[in-house]
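J.: whatever this is, show me its structure:
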Amino acid sequence: MKEKFKVAVAQMVSGTDVPANLATAARLVREAAAEGARFVVLPEYFCLMGRQDGDKVAISETFGHGPMQSALAAMARESGVWLAAGTLPLTCPEPGKVFNTTLVYSPQGEVKARYDKIHLFGFTGNGERYCESDSILAGATPVKVDIGLAEVACGICYDLRFPELFRTLSPFDAMILPAAFTATTGEAHWEVLMRARAIENQCYVLASAQGGTHENGRKTHGQSMIIDPWGKILAQVDKGEGVAVAELDPELLHSVRSHLPALAHRVLN
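T.: Numbers count the residues shown, from 1 in each chain. From the prediction side, this is the model:
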């Protein structure tokens, strides 16, 4: 990172109507750009929180083609921002499943990186059951992308619990985590894990979440955050739709890493 610049995380409460969700995403991207953000992150499942697992399979697109991807490219171009497009379902080789994918768009609307979620969430308790592997095929390749302003490591939601993923990509300036954390696990673990990832990687964390009660009855935690390399929360959105904006500062990044050179002290890889 060579200069200060503003970033934004957009929080949504996505529903079952894809065009409505895309319209909301576009509005939040415009709002972030109006506040000076040059890099915007949308949440996981921003395009659809379906009533059943098969809903996302039904709307899946082939990489490089489709109305959702066209809409995202237009959002980036029209607002003149780098855009990490939360996640959207892309076709995969296994019938009845999709990849859960983050695409990173340049201000020209070109895809500069693709990350397929590696770790798939599973949880049973409190009357809830989630098993992403029922409808999602796991990715296999860690991804880091240079957006010109900074080097950015990609993760999605449940990846947060696996610090070794980000160690394979170190060093980087910032980490993105589009997410749809459940209310149950989010209340217990979301903030502490996010701040831990920022502290141990001495990087900024941009966590963009779903946050509220959805049409399908699911409740998500929210608390989208931008965290600095010392673990300080710079900006956040609690519940509901909104945008949090903060400035990333290369001098702070350098200061943290030079005064406490933990990355250089690593022994085990």
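J.: report the central residue of the protein.
T.: residue 178 (1.9 Å; C-alpha atoms, centre = their mean).
J.: now do the contacts for that residue.
T.: For residue 178, the contacting residues are 41-44, 46, 84, 86-87, 102, 156-157, 208-209, by C-beta atoms under 8 Å, 6 or more residues apart in numbering. Using the backbone N, CA and C atoms, a C-beta is placed for each residue, glycine as well.
J.: next: residue 115.
T.: 101, 102, 104, 139, 141, 143, 154, 155, 156.
J.: helix, strand, or coil at the residue nearest to the centre of the chain?
T.: Using DSSP: H, G, I helix; E, B strand; the rest coil, the structure places residue 178 in strand.
J.: show me what it is bridged to.
T.: residue 208 (DSSP bridges).
J.: excluding chain neighbours, give the residue nearest to residue 256 in space.
T.: Sequence neighbours aside, residue 229 is the residue nearest to residue 256 in space, at 4.3 Å (criterion: C-beta to C-beta, 6 or more residues apart in numbering).
J.: quick one: the one you found from residue 89, how far?
T.: Distance, residue 229 to residue 89, by C-beta to C-beta, to the nearest Å: 33 Å.
J.: what residues does stretch 249-269 touch?
T.: Identification of contacts with stretch 249-269 by C-beta under 8 Å, 6+ apart yields 1-4, 167, 170-171, 173, 200-204, 228-230.
J.: switch to 6 Å and redo it
T.: Where contact means C-beta atoms under 6 Å, 6 or more residues apart in numbering, the residues beyond stretch 249-269 that reach it are 1, 4, 171, 202, 229, 230.
J.: do the same with stretch 217-233
T.: Here stretch 217-233 has contacts from 9, 11, 180-181, 183, 186, 190, 194-195, 198-199, 202-211, 213, 234-239, 244, 246, 253, 256, using C-beta under 6 Å, 6+ apart.
J.: list the buried residues of it.
T.: Using 16 or more other C-beta atoms under 10 Å as the test for burial, stretch 217-233 gives 218-229, 231, 233.
J.: where along the stretch 151-269 of the chain do the helices fall?
T.: Remark: helices assigned in the stretch 151-269 of the chain by DSSP state H, counting those that start in this stretch are 163-167, 183-185, 191-201, 250-259.
J.: and residue 95, which of these is closest to it?
T.: helix 163-167 (27.5 Å; C-beta to C-beta).
J.: average pLDDT across that closest one?
T.: Mean per-residue pLDDT for helix 163-167: 97.
J.: starting at the chain centroid, how far to stretch 262-269?
T.: 26 Å (C-alpha atoms, centre = their mean, to the nearest Å).
J.: do stretch 215-233 as well
T.: From the chain centre to the centre of stretch 215-233 is a distance of 10 Å (C-alpha atoms, centre = their mean).
J.: may I have that stretch as CSV, with CA atoms only?
T.: The C-alpha coordinates for stretch 215-233 follow below in CSV (Å, rounded to 0.1, in the frame of the first residue of the first chain):
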residue,chain,number,x,y,z
GLU,A,215,-37.6,-13.4,4.2
ASN,A,216,-36.7,-17.0,4.5
GLY,A,217,-36.7,-16.7,8.3
ARG,A,218,-33.0,-16.9,8.7
LYS,A,219,-31.4,-14.4,11.2
THR,A,220,-27.9,-13.1,10.5
HIS,A,221,-25.6,-11.3,12.9
GLY,A,222,-24.6,-8.2,11.0
GLN,A,223,-21.8,-6.0,12.5
SER,A,224,-20.0,-5.3,9.3
MET,A,225,-16.6,-3.8,10.2
ILE,A,226,-13.4,-2.2,9.1
ILE,A,227,-10.6,-3.1,11.4
ASP,A,228,-7.0,-1.8,11.5
PRO,A,229,-3.8,-3.8,11.9
TRP,A,230,-3.8,-3.2,15.7
GLY,A,231,-7.2,-4.7,16.0
LYS,A,232,-9.1,-1.4,16.4
ILE,A,233,-12.6,-1.2,14.9
